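# How does the following fold in three dimensions:
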Amino acid sequence: MWKIPLFDLNYDHAERNAVLEVLESKWLSSGEKTKEFETQFSNYLGKEVYSTAVSNCTAALHMSLMIADVKEGDEVIIPSLTFVADANVVKIMKATPILCDVASNEDWNMDIAHLETLITPKTKAVIAVHYAGYPIETIKELVVLCKKHNLILIEDVAHAIGGSYDGQKCGTFGDMSCFSFFSNKNLSTGEGGMFVTKNPHFYEQAKLLRSHGMTSMTIDRHQGKTISYDVIQPGLNYRGDEIKSALGLVQLSKLDHANKLRSELVEHYQQKLAAVVPGITVPFKKISKASVSSYHIFPVMLPVGADRPKIMEKLKEKGIQASIHYPAMKDFSYYSKVLKNEVKKANEISSRVITLPLYPTLKKEQIDVVVDVLASALG
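Predicted structure coming up:
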């Protein structure tokens, strides 16, 4: 259907061979490939961290809140411009999500000054997202702020694998961090995710929570290391598996090169838009030298008064897929009744944002087509 999709995989024979190897092994659940993926992932982050493969990023977020002992009546501060999973896991814990506004029309990450005003005696944790793959440039101040108020900092790194700030990888600043390997992510396994922490106690808790609170995994019994198991706390089934881990290992080996290609494509987008569509607002055009983005998505803000549905339909007519990252939380039926605090800057962005195609195999000539069609649609 799409001549230029929003996202396309950079898979080749390496991913195919990795899956075939798992199938030939006849072991599909969490096993040796999963352990290898966890080890390689920790090594990639370049810090003394523990990595636990899980079924998806939402599972990692849920586990993080459970480990943080979030309870009914607690508050958790989350970004206002993020996927609904961040709000959902807070509500699942019977806590209250509190929205933090974005910094500005140029910086769509959390406004740390606004965040500080939201802290109350009920605040238990902060979930911080590196939006579109751009590191929160006040992340070190956020770490200090959370320590000052005895808050757990959870990094949602769904967008930012491979990104870094001041030489430190995104996902190594928080008390716990959650990565996504959903199909459209920079590291793609279809579903899947990773829970990361530097805290050995949190790591042990995560291993129990992801597998029913059991003291041993099925692979341990299969390999004859034990004949049974104990259950020492309630847990869930949030395990990663061998096929996703095999894909993850290949994708991890491609990640830095793929992110470099993304950076070159974003630079081309910015130059082309500036020349052809001057009314468009492109966030994160000026990031500090300390920031390295993963360039996960390419969102722009349409001019005031632009007819977004009409523009997206014009793009669709030319075979170009576009999306919205993200609808305002207040516009969801459920959250319109739940969320109380105002986030004017984020809501304005949500009403005008459009996400254009971006993936490592996208061609610059295709970007030219996307921008030309967008300019025509804007009239």
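
# What residues sit buried inside the helix or strand hosting H268?
Using DSSP states H and E, the element containing H268 is helix 242-276. Within helix 242-276, the residues that qualify as buried are 242-252, 254-255, 258-259, 261-262, 265-266, 268-270, 272-273, counting by 16 or more other C-beta atoms under 10 Å. In this view, the C-beta of every residue, glycine as well, is placed from N, C-alpha and C.

# same question, stretch 218-238
Applying 16+ other C-beta under 10 Å to stretch 218-238 flags 219, 229, 235-236, 238 as buried.

# How about stretch 318-333?
Applying 16+ other C-beta under 10 Å to stretch 318-333 flags 318, 320-323, 325-326, 328-330 as buried.

# Touching that stretch from outside, list them.
1-6, 80-84, 87, 99, 132, 297, 299, 308, 311-312, 315-316, 335-336, 339, 346-347, 350-351, 353-357, 369-370, 373 (C-beta atoms under 8 Å, 6 or more residues apart in numbering).

# Could you identify the helix or strand that succeeds the helix or strand containing E348?
In this assignment (DSSP H and E), E348 forms part of helix 344-352. Following helix 344-352 in sequence order, the next helix or strand is strand 353-356 (DSSP H and E).

# Distance of the closest residue to T58 other than its chain neighbours relative to T197?
Once flanking residues are discounted, T58 sits nearest to A85: 4.7 Å by C-beta to C-beta, 6 or more residues apart in numbering. A85 is 19 Å from T197, where distance means C-beta to C-beta, to the nearest Å.

# Same drill for the two, tell me which one is more crowded.
T197 (24 against 21; other C-beta atoms under 10 Å).

# So the more buried one is in contact with L45, correct?
No: proximity of T197 to L45 does not meet the contact threshold set by C-beta atoms under 8 Å, at 11.0 Å.

# how about the strands in the protein?
50-54, 75-79, 96-100, 123-129, 152-156, 164-165, 168-169, 176-180, 193-197, 291-292, 298-301, 353-356 (DSSP state E).

# would you put the C-alpha positions of the longest one in PDB?
In this case it means strand 123-129. Written as PDB, here are the backbone C-alpha positions of strand 123-129 (Å, rounded to 0.1, in the frame of the first residue of the first chain):
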ATOM      1  CA  THR A 123       5.000  11.600  44.600                       C
ATOM      2  CA  LYS A 124       6.800   8.200  44.500                       C
ATOM      3  CA  ALA A 125       8.500   8.100  41.100                       C
ATOM      4  CA  VAL A 126       9.300   9.900  37.800                       C
ATOM      5  CA  ILE A 127       9.100   8.300  34.400                       C
ATOM      6  CA  ALA A 128      11.300  10.200  32.000                       C
ATOM      7  CA  VAL A 129      11.200   9.700  28.200                       C
END
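
# what packs against that strand?
helix 57-67, strand 75-79, helix 85-92, helix 139-148, strand 152-156 (3 or more C-beta pairs under 8 Å, 6 or more residues apart in numbering; DSSP states H and E).

# First-to-last residue distance for stretch 164-181?
18 Å (C-alpha to C-alpha, to the nearest Å).

# meant to ask about stretch 318-326, not that
By C-alpha to C-alpha, one end of stretch 318-326 lies 23 Å from the other end.

# Averaged over its residues, which helix or strand of this structure has the lowest pLDDT?
helix 218-222 (a mean of 76; mean pLDDT, DSSP states H and E).

# Which residues outside it are in contact with it?
Counting by C-beta under 8 Å, 6+ apart, 27, 29-32, 226-229 sit against helix 218-222.

# so who does the nearest residue to V231 once chain neighbours are set aside touch?
Take V231 and drop its neighbours on the chain: the residue closest to it by C-beta to C-beta, 6+ apart is G213, 4.8 Å away. Contact analysis of G213 by C-beta under 8 Å, 6+ apart lists 231-235.

# Would you quantify the distance from G213 to V338?
Distance from G213 to V338, by C-beta to C-beta: 30 Å.

# hang on, the earlier thing: could you provide the buried residues of stretch 318-333 in CSV, with additional columns for distance to T58?
Below are these laid out as CSV (distance: C-beta to C-beta, whole Å):
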residue, distance to T58
K318, 34
I320, 29
Q321, 24
A322, 25
S323, 19
H325, 17
Y326, 15
A328, 20
M329, 16
K330, 21
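
# CSV please, covering the residues you listed and showing pLDDT and distance to V22.
Output for the buried residues of stretch 318-333, formatted as CSV (pLDDT from 0 to 100; distance: C-beta to C-beta, whole Å):
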residue, pLDDT, distance to V22
K318, 98, 40
I320, 98, 36
Q321, 98, 31
A322, 98, 35
S323, 98, 32
H325, 98, 32
Y326, 98, 34
A328, 98, 41
M329, 96, 39
K330, 95, 44
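
# Between the residues you listed, which sits nearest I92?
Closest to I92 out of the buried residues of stretch 318-333 is M329 (15.6 Å), distances taken as C-beta to C-beta.

# Relative to K185, how far out is that closest one?
Taking C-beta to C-beta, one finds M329 at 21 Å from K185.

# Out of the contacts of helix 218-222, which one has the weakest pLDDT?
Here the lowest pLDDT out of the contacts of helix 218-222 sits on I227, with 79.

# Could you tell me how many residues sit around C178?
30.

# ok, back up a step: next up, the contacts around the residue nearest to T58.
57-58, 61.

# For the residues you listed, give me CSV that also has pLDDT.
Shown next, in CSV, are those (pLDDT from 0 to 100):
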residue, pLDDT
C57, 98
T58, 98
L61, 98
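
# Just the buried residues out of these, in ChimeraX syntax.
Buried members of the contacts of A85 can be picked out in ChimeraX with the line below, counting by 16+ other C-beta under 10 Å:
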select :57,58,61
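
# of the contacts of A85, closest to A14?
Nearest to A14 out of the contacts of A85 is C57 (C-beta to C-beta; 23.7 Å).

# Skip the chain neighbours and tell me the closest residue to the closest one.
Nearest to C57 is S180, by C-beta to C-beta, 6+ apart, at 3.5 Å.
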